[in-house]
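Asker: return atomic coordinates for the entry below.
(one chain, ligands or ions: 1)
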Amino acid sequence: MATDSSSESKPDAECSCIMFDPPVYKQRYNWVIKAIKQLNPKTVVDMGCSECGLMQKLIRAEGLSIKELTGVDIDGVVLQCNTYKLKPLMTDYLKPSREHPLTVRLYQGSVTEPDSRLGNVDLVACLELIEHLEAPVLAQFPAALFGKLNPRVVILSTPNSDFNVLFPTLTGFRHWDHKFEWSRREFQIWCDGVAQKYDYDVLYDGVGDPPEQSSHLGHCTQIAMFTSRNTRLLLLSQINSAADSYELFAEYRHPFIKQKLTHEEKVLLEANYYINFLAKSQVADDGDTSSVDGAIEVSVPLSKLMTFPCIKALCASLEDLRMTLMKCNSITFDPSGDHVITSITCEESASDDNEDDVSCDTQHCSSDHMYTDPECWD
Ligand code: SAM
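Answerer: Predicted coordinates:
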């Protein structure tokens with residue numbers, strides 16, 4: 001017996017006496033990932049993405065077909081604080097494992113004002129969102145999502161209030177911001193009505209199993225999956241006429257495997273990694289925190305770059321390295337041509353992110369087919 005972290009990432013109620021393993025929020029994410037593996041959507045939207053937990057999982061999950069992943073939330077502060085979770089890591093550039101491009105976007109906006117940039121979306125997940133909507137907002141939600149965006153599939157989850165009797169100290173709702181919590185019957189009546197109005201089929205499931213003797217109460221979280229019955233072309237005109245109401249907070253293009261890379265591209269890839277590493281080490285050693293606009297300028301000797309086996313394997317001599325890097329517009333040299341000038345942000349210099357640990361210096365060398373297109377990095 002322990003706590004329930006089922007309903008929210010930060011549960012309000014100290015009411016819980018049921019332990020879920022894995023926690024119910026992870027079970028919800030896993031449920032969505034399993035559905036995505038079966039349905040193979042190319043475009044996925046996480047409505048009410050909050051701390052971007054599901055998006056982070058979807059970016060890292062193997063074998064998914066997603067090419068465009070978009071998060072939407074009304075709360076700009078929560079988006080700002082969690083944007084970093086969606087960025088590609090340095091290791092993603094060095095050893096990409098993704099076979100297809102993936103673009104990740106984060107928008108601030110409301111589920112009730114669909115944005116034309118989300119038109120034609122294959123799958124929308126709304127986990128633990130609807131119970132946070134005031135009645136008038138909830139009333140607009142189906143027309144905006146099912147009527148206008150008209151995704152091929154919609155996955156909705158919400159607390160099952162039938163289950164609440166298993167939280168003996170719970171009074172009221174599971175979270176302070178819940179505007180309601182529905183029984184399975186109430187949820188199914190609402191979902192059936194939406195499905196009928198917007199021409200969807202709907203299936204019910206849940207996660208967070210009840211104890212054996214309480215199976216009649218259903219799951220801790222109830223889930224509905226809607227599948228569109230109509231051909232979506234008819235509705236595209238509606239979404240095309242909608243305004244672009246969302247504010248773009250972030251956009252990241254994740255690197256993917258590209259079969260062929262030129263010699264210069266390989267050298268640049270490795271050199272960038274070690275220039276960054278050496279710059280960070282230098283700043284840490286010098287304790288230099290003087291910066292212009294938050295950036296610290298560092299001069300990295302080419303001779304030091306040549307000490308790394310990956311660079312040596314690509315360039316026969318220091319001169320070879322210099323000539324190759326000089327062809328790359330993105331590398332700046334000092335007047336002598338013996339040092340590369342780079343700048344790192346104060347945040348980077350303070351980061352102890354182990355993705356940049358030099359201990360990987362002999363391991364991260366990549367074989368030809370493991371590189372990505374540098375043009376896809378930004
Ligand atoms: N889906 C998240 C997950 O599974 O990790 C948790 C969602 S959190 C419990 C509910 C989120 O809905 C909050 O981040 C809140 O800002 C967002 N929200 C509330 N009203 C909204 C609206 N009208 N449009 C978009 N997001 C909204």
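Asker: can you show me the strands along the protein?
Answerer: Using DSSP state E, the strands found in the chain span residues 43-47, 68-73, 102-108, 123-127, 153-159, 200-207, 221-228, 247-254, 295-301, 332-333, 339-345.
Asker: make JSON lines from these and add mean pLDDT to it.
Answerer: Output for those, formatted as JSON lines (pLDDT from 0 to 100):
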{"stretch": "strand 43-47", "mean pLDDT": "98"}
{"stretch": "strand 68-73", "mean pLDDT": "98"}
{"stretch": "strand 102-108", "mean pLDDT": "97"}
{"stretch": "strand 123-127", "mean pLDDT": "98"}
{"stretch": "strand 153-159", "mean pLDDT": "98"}
{"stretch": "strand 200-207", "mean pLDDT": "98"}
{"stretch": "strand 221-228", "mean pLDDT": "98"}
{"stretch": "strand 247-254", "mean pLDDT": "94"}
{"stretch": "strand 295-301", "mean pLDDT": "89"}
{"stretch": "strand 332-333", "mean pLDDT": "92"}
{"stretch": "strand 339-345", "mean pLDDT": "87"}
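Asker: in contact with the closest residue to residue 194 other than its chain neighbours, which residues?
Answerer: Distance criterion Cβ to Cβ, 6 or more residues apart in numbering; nearest residue to residue 194, sequence neighbours excluded, is residue 142 at 4.6 Å. All C-beta atoms are positioned from the backbone trio N, CA, C, and that covers glycine. By Cβ atoms under 8 Å, 6 or more residues apart in numbering, residue 142 lies in contact with 194, 197, 198.
Asker: need the buried ones from these selected in PyMOL.
Answerer: Under the burial definition 16 or more other Cβ atoms under 10 Å, those of those that qualify are selected in PyMOL by:
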select buried, resi 194+198
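Asker: just the CA atoms of stretch 215-226, as PDB, please.
Answerer: Taking only C-alpha atoms (Å, rounded to 0.1, in the frame of the first residue of the first chain), the coordinates of stretch 215-226 have been written out as PDB:
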ATOM      1  CA  SER A 215     -13.000  -5.300 -10.500                       C
ATOM      2  CA  HIS A 216     -16.600  -4.100 -10.700                       C
ATOM      3  CA  LEU A 217     -15.300  -0.500 -10.200                       C
ATOM      4  CA  GLY A 218     -13.300  -0.500 -13.500                       C
ATOM      5  CA  HIS A 219      -9.900   1.100 -14.100                       C
ATOM      6  CA  CYS A 220      -8.500   4.100 -12.300                       C
ATOM      7  CA  THR A 221      -8.300   5.900 -15.700                       C
ATOM      8  CA  GLN A 222     -10.900   5.400 -18.300                       C
ATOM      9  CA  ILE A 223     -10.000   5.700 -22.000                       C
ATOM     10  CA  ALA A 224     -12.000   6.100 -25.100                       C
ATOM     11  CA  MET A 225     -10.600   5.700 -28.600                       C
ATOM     12  CA  PHE A 226     -12.600   7.200 -31.500                       C
END
